[in-house]
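*Asks:* Sequence unavailable; structure follows:
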């Protein structure tokens, strides 16, 4: 069969178009330090995220867009990461209810990238990925001791990010882009303001815009430096709240719930924090590359969470007081054969949540991630697979009720996650 020029052009776009459609259907929350997501590509996962200096495949659009000047012609990539998180919350006082056990859930984080070399100086790129996500859900919510704080917290997001990259010299490149972010926010909790349990379910979403720029400097084949900046994006979300009185509720409670349901509008603001990423890649011997990165996340932007209810609940504020953090990552890649590359990585990821403000919506602590993966090359195609094991340090929290957050003395235990990534890329 022969293809016309227009058919070839459509064929080049098809993997990205299909993946973006797929992402819209499946983008879901995950389990991370804070609610940040750094799983932007399968090869990147296998390297512990250490692609800031390398930036040599289409997922560079997320890690360091200036690196796409290393990609000739047209290239596409599409993939996903599957995450299965676990966490237990063991309360000291069983009078408040039963311990918290995370529901067995599987979350999907998809991504898609397209790069196009216009000439020897300019490249265009378009990436779709996720910078924020959260999936915290506990079994037996009606008996769970933490139900007055949070029984389910979900954040889903997609970033749509076009970039223009410019080759300033043979060794130095610069990129700038605009980022449009969509965020879907969910939060469930119980209240007993009338003496009976009432479940409140908030569902809201919204859009906002930010920007990014990046540098890539590669003085030789054995050495490369990268730097990337992504702005904070303050996402204002609007939606509705649903109210459900538990079985056996009094007439007073039923009347209170009925009044709340007369106006279900709710809104709030959730930030996607500023990111500054720095990386250096070097090749100590033939076929082996090593990269060391540092990523600074400005979590201090998440100072409080306020719900603005349009009914009698009014404005409800929860102080967060999160702190800026560093994420350190190391990745190694060895070209075992011309058709096979092997990767391994390690990540040390600090928690942004101070002891005095930790709660059950993000029951986390400092994390460590151990990663491995492989890339298989066949003609113009590359297939990637990655496996990662994430561990979360146990954490004891002191209860507090003075701020109406209803947090009790408890220990976070058995926190962790398994992550599997797959992707395919093609160079035209």
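*Replies:* On my side now, so go ahead. Note that the structure is a prediction, hence the values are computed from the model and not measured. Numbering: from 1, shown residues only.

*Asks:* so what's residue 183 up against?
*Replies:* The neighbours of residue 183, taking Cβ atoms under 8 Å, 6 or more residues apart in numbering as the test, are 132, 155, 156, 157, 205, 206, 207, 235, 237, 270, 272. For every residue, glycine as well, the C-beta is placed using N, CA and C.

*Asks:* And the helix or strand hosting it, how far out from the chain middle?
*Replies:* Taking DSSP states H and E as the definition, residue 183 sits inside strand 172-191. Chain-centre distance of strand 172-191: 9 Å, with Cα atoms, centre = their mean, to the nearest Å.

*Asks:* Low-confidence ranges, the stretch 301-428 of the chain, go.
*Replies:* Where the stretch 301-428 of the chain drops to pLDDT under 70, the residues are 402-403.

*Asks:* What is the helix or strand containing residue 329 packed up against?
*Replies:* Here residue 329, judged by DSSP H and E, is contained in strand 325-337. Contacts defined by 3 or more Cβ pairs under 8 Å, 6 or more residues apart in numbering; DSSP states H and E place strand 325-337 against strand 288-297, strand 340-349.

*Asks:* would JSON lines of these with mean neighbour count and distance to residue 188 be doable?
*Replies:* Formatted as JSON lines, the helices and strands packed on strand 325-337 follow (neighbours: other Cβ atoms under 10 Å; distance: least, Cβ to Cβ, whole Å):
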{"stretch": "strand 288-297", "mean neighbour count": "20", "distance to residue 188": "26"}
{"stretch": "strand 340-349", "mean neighbour count": "20", "distance to residue 188": "26"}
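
*Asks:* Any chance of a markdown table for these, columns distance to residue 199?
*Replies:* Putting those into a markdown table (distance: least, Cβ to Cβ, whole Å) gives the following:
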| stretch | distance to residue 199 |
| --- | --- |
| strand 288-297 | 33 |
| strand 340-349 | 33 |
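
*Asks:* For stretch 105-116, what does the pLDDT average out to?
*Replies:* The predicted model assigns stretch 105-116 a mean pLDDT of 92.

*Asks:* which parts of that stretch are buried?
*Replies:* Buried residues in stretch 105-116, counted by 16 or more other Cβ atoms under 10 Å: 105, 107, 108, 109, 110, 111, 112, 113, 114, 115, 116.

*Asks:* so which of these comes closest to residue 42?
*Replies:* Distance to residue 42, by Cβ to Cβ, is smallest for residue 111 among the buried residues of stretch 105-116, at 8.6 Å.

*Asks:* Report the contact partners of the closest one.
*Replies:* The neighbours of residue 111, taking Cβ under 8 Å, 6+ apart as the test, are 19, 23, 40-41, 59, 62, 77-80, 127-130, 423.

*Asks:* Leaving out sequence neighbours, find the closest residue to it.
*Replies:* Leaving aside its sequence neighbours, residue 111 sits nearest to residue 129 (Cβ to Cβ, 6 or more residues apart in numbering; 4.3 Å).

*Asks:* Next up, the contacts around that neighbour.
*Replies:* Contacts of residue 129 by Cβ under 8 Å, 6+ apart are 40, 41, 61, 62, 111, 112, 113, 158, 159, 161.

*Asks:* Show me which strand runs longest in the protein.
*Replies:* Of all the segments of type strand in the chain, defined by DSSP state E, the longest one is strand 198-220.

*Asks:* Show me which positions of the helix or strand following that one end up buried.
*Replies:* The C-terminal neighbour of strand 198-220 among helices and strands, as given by DSSP H and E, is strand 223-230. The neighbour-count check on strand 223-230 (16+ other Cβ under 10 Å) flags 224, 225, 226, 227, 228, 230 as buried.

*Asks:* now swap in stretch 168-181 and tell me
*Replies:* Quick answer for stretch 168-181 (16+ other Cβ under 10 Å): 172, 173, 174, 175, 176, 177, 179, 181.

*Asks:* Over to stretch 232-249?
*Replies:* Applying a neighbour-count criterion of 16+ other Cβ under 10 Å, one finds 233, 235, 237, 239, 241, 243, 245, 249 buried in stretch 232-249.

*Asks:* May I have the phi/psi pair for the residue sitting furthest away from the middle of the chain?
*Replies:* Going by Cα atoms, centre = their mean, the residue of the chain most distant from its centre is residue 251, 43.3 Å out. Dihedral angles of residue 251 (phi, psi; degrees, to the nearest 10) stand at phi -60, psi -30.

*Asks:* ok, now how distant is it from residue 68?
*Replies:* Residue 251 is 64 Å from residue 68, where distance means Cβ to Cβ, to the nearest Å.

*Asks:* ditto for residue 408
*Replies:* The spacing between residue 408 and residue 68, counted by Cβ to Cβ, is 50 Å.

*Asks:* So the two - more neighbours on which side?
*Replies:* The residue with more neighbours, out of residue 408 and residue 68, is residue 68; 31 against 21, by other Cβ atoms under 10 Å.
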